[in-house]
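Student: coords please:
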Amino acid sequence: QLWLGDSGATRAAGSVLDVHRVARGERVGYHQGRTRRAGWVVVVAGGTAHGVGLEAPRAVRGGPARLRELARGVLDASGLALSPFSWAGRKRWFAEPPHMQVSLLLLPGSVAPPARGVELACQVRMTTVRFDQTCDQLG
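Tutor: Purely as a prediction, here's the structure:
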């Protein structure tokens, strides 16, 4: 019953720092990649310095697991990576690989974007994460 074994004992989140409307084909981010469709770019606190986007090697056994890894490799090769941040009940795509301190997320135009200051839930490995803030809810 250590904290690492109890997923309800911790919560990771990133605050929305900014939101920008983008048109299809507009250049965004550090690498100036073009957007595939119109929507929103959401700037969220939390990047590689915090453990966002870091992965540990996995042991892949069995056919279904191999197919999932193959699909992930195809998505990565095409420049698409699913972020650990969720909004409106779904994980959202990275606009580009996470930066040191922030992540850029893409939202489709059909989804209302979060306001600045809203916290987005973040599902990260607790063994690689570095929190900016911790809270004690026991007292």
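
Student: hey, let's count contacts and neighbours off CA atoms from now on
Tutor: Noted.

Student: Can you give me the distance of the residue nearest the centre of the chain to A121?
Tutor: The centre of the chain sits closest to S83, judged by C-alpha atoms, centre = their mean, with a distance of 2.7 Å. Distance, S83 to A121, by C-alpha to C-alpha, to the nearest Å: 11 Å.

Student: Show me which positions of stretch 60-70 end up buried.
Tutor: Across stretch 60-70, burial judged by 16 or more other C-alpha atoms under 10 Å covers no residue at all.

Student: Buried ones in the helix or strand containing the residue nearest to the centre of the chain, by neighbour count?
Tutor: Secondary structure assignment for S83, by DSSP states H and E: strand 82-87. Neighbour-count burial for strand 82-87, counted by 16+ other C-alpha under 10 Å, picks out 82-87.

Student: just to revisit the earlier point, quick check: the residue nearest to the centre of the chain vs R61, distance?
Tutor: Counting by C-alpha to C-alpha, the gap from S83 to R61 is 24 Å.

Student: Out of the buried residues of strand 82-87, flag the one nearest to G73.
Tutor: Checking the buried residues of strand 82-87 against G73 by C-alpha to C-alpha gives L82 as the nearest, at 11.8 Å.

Student: can I assume the closest one is in contact with R90?
Tutor: No - applying C-alpha atoms under 8 Å as the test, L82 and R90 come out as separate, 10.3 Å apart.
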